[in-house]
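> Everything below, folded, please.
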Amino acid sequence: MSTVSDVIAFLEKFAPPTLAEDWDNVGLLVGRQAAEARQIMTCLTLTPDVAAEAVQQGVQMVVSHHPVLFRGTKKITDATSEGRMLLHLIENGVSVYSPHTSFDSAALGINHQLAESFGLAEIQPLRPHANVEGLGSGRTGRLDQDVSLSDFLGIVRSAVGSKYVEFSGSAAASVSQVAVACGAAAEFLTDAIQSGCDTFVTGEARFHSALEARTEGLNLILLGHYASERPAVEQLAKTLAAEFEDAEIFASCAETDPLSVFVQ
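From the prediction side, this is the model:
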């Protein structure tokens, strides 16, 4: 029977912790390495409803993209919702591992998956890692044939299964060289410009980042944070299932995008 330690060993080869950003908190955050991992659940974010699902389904390990205990924590008590959630997981023997930005940047990680799903070729890191050859944060790539921004918006929306995307730029503008960075990654906007990209795709960005993109003549596409990362979390469950055939592995069914679209 597979153990938490076995799953960690695989994940650390698949998404090496050395790829994580300095500010991140990746790795085993809750639990015992020697514990059995007969059932494993992946999710984007551990929220109380997702944690309740894990316990109800008898899960021994959760692989959550976003880390719990992300900021300095001095207390874990039932006085807070996070504390109650963590106590519930600990009391039911559920371990929690987070790959976060190491998964974003891995060779077959979230950004690479997004770039491939958009039909990009010649995919390379947007911001190369100083100590890991051929890898880094974000991705750049080119389309085999130029398309209009309007057509490319349809491509990316379909790729992530989103109801809508936001964008800045002319719908008739040409798209050829594209930069990709999942989640809240407007910090890579400058990298996209310096890389000669005409289009930058990310999950979410602040208003002033959108203004900067427009000023610089860069097409900006916002998929939504959830939409930019959830498909890869579902794929991760399949990847783990192929590696650990003796375990039952699935993506959370309770998890949903916290944001909805209002249509009158």
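> C-alpha only now, for contacts and for neighbours.
Fine.
> For A37, give me the pLDDT.
At A37, the pLDDT value in this model is 98.
> And for T73?
According to the model, T73 carries a pLDDT of 82.
> which secondary structure element contains it?
Take DSSP states H and E as the rule and T73 turns out to sit in neither a helix nor a strand.
> give me the number of residues near it?
T73 sits with 8 neighbouring residues when counted by other CA atoms under 10 Å.
> Distance check, it against N25.
Separation of T73 from N25 (CA to CA, to the nearest Å): 12 Å.
> now do M1
Between M1 and N25 the distance, using CA to CA, works out to 28 Å.
> between these two, which one's more packed in?
For M1 versus N25, the count of surrounding residues by other CA under 10 Å is larger for N25: 20 against 10.
> show me the residues around the more buried one that make contact.
The neighbourhood of N25, defined by CA atoms under 8 Å, 6 or more residues apart in numbering, consists of 67, 69-70, 98, 100.
> same question, Y226
44, 183, 203, 257.
> L153 too?
The contact partners of L153, by CA under 8 Å, 6+ apart, come to 165, 221.
> where's the helix or strand hosting it relative to the chain centroid, distance-wise?
For L153, the host element (DSSP H and E) is helix 149-160. Relative to the chain's own centre, helix 149-160 is displaced by 19 Å; criterion: CA atoms, centre = their mean, to the nearest Å.
> now stretch 29-41: how far from the chain's centre is it?
Between the centre of stretch 29-41 and the centre of its chain there are 21 Å (CA atoms, centre = their mean).
> Next: stretch 189-205.
Distance of stretch 189-205 from the chain centroid (CA atoms, centre = their mean) equals 17 Å.
> Same check on stretch 99-115?
Taking the mean C-alpha point of stretch 99-115 and that of its whole chain, the gap between them comes to 7 Å (CA atoms, centre = their mean).
> re earlier: buried by neighbour count, from the contacts of Y226: which ones?
When burial is judged by neighbour count using 16 or more other CA atoms under 10 Å, the buried members of the contacts of Y226 are 44, 183, 203.
> pLDDT below threshold where in this protein?
Under the criterion of pLDDT under 70, none of the chain is flagged as low confidence.
> Tell me how it divides into domains.
According to the domain assignment given by automatic domain parsing, the chain is divided into the following structural domains: 4-102, 107-227.
> Quick check: which of those is nearest to S252?
Taking CA to CA as the measure, these were each checked against S252, and domain 4-102 came out nearest at 5.5 Å.
> which element is I40 on?
Since the elements are taken from DSSP H and E, I40 ends up inside strand 39-43.
> roughly how far is that strand from the heart of the chain?
15 Å.
> Skip ahead from that strand and say which helix or strand is next.
Going down the chain from strand 39-43, the next helix or strand is helix 48-56, by DSSP H and E.
> Could you pull out the buried residues of that following helix?
Applying a neighbour-count criterion of 16+ other CA under 10 Å, one finds 48, 50-55 buried in helix 48-56.
> pull the CA atoms of it into PDB?
Taking Å, rounded to 0.1, in the frame of the first residue of the first chain, the C-alpha atoms of helix 48-56 are listed here in PDB:
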ATOM      1  CA  PRO A  48     -14.100  23.900   4.900                       C
ATOM      2  CA  ASP A  49     -16.500  22.300   2.300                       C
ATOM      3  CA  VAL A  50     -13.600  20.600   0.500                       C
ATOM      4  CA  ALA A  51     -12.100  19.400   3.800                       C
ATOM      5  CA  ALA A  52     -15.500  18.000   4.800                       C
ATOM      6  CA  GLU A  53     -15.700  16.200   1.500                       C
ATOM      7  CA  ALA A  54     -12.200  14.700   2.100                       C
ATOM      8  CA  VAL A  55     -13.300  13.400   5.600                       C
ATOM      9  CA  GLN A  56     -16.600  12.100   4.300                       C
END
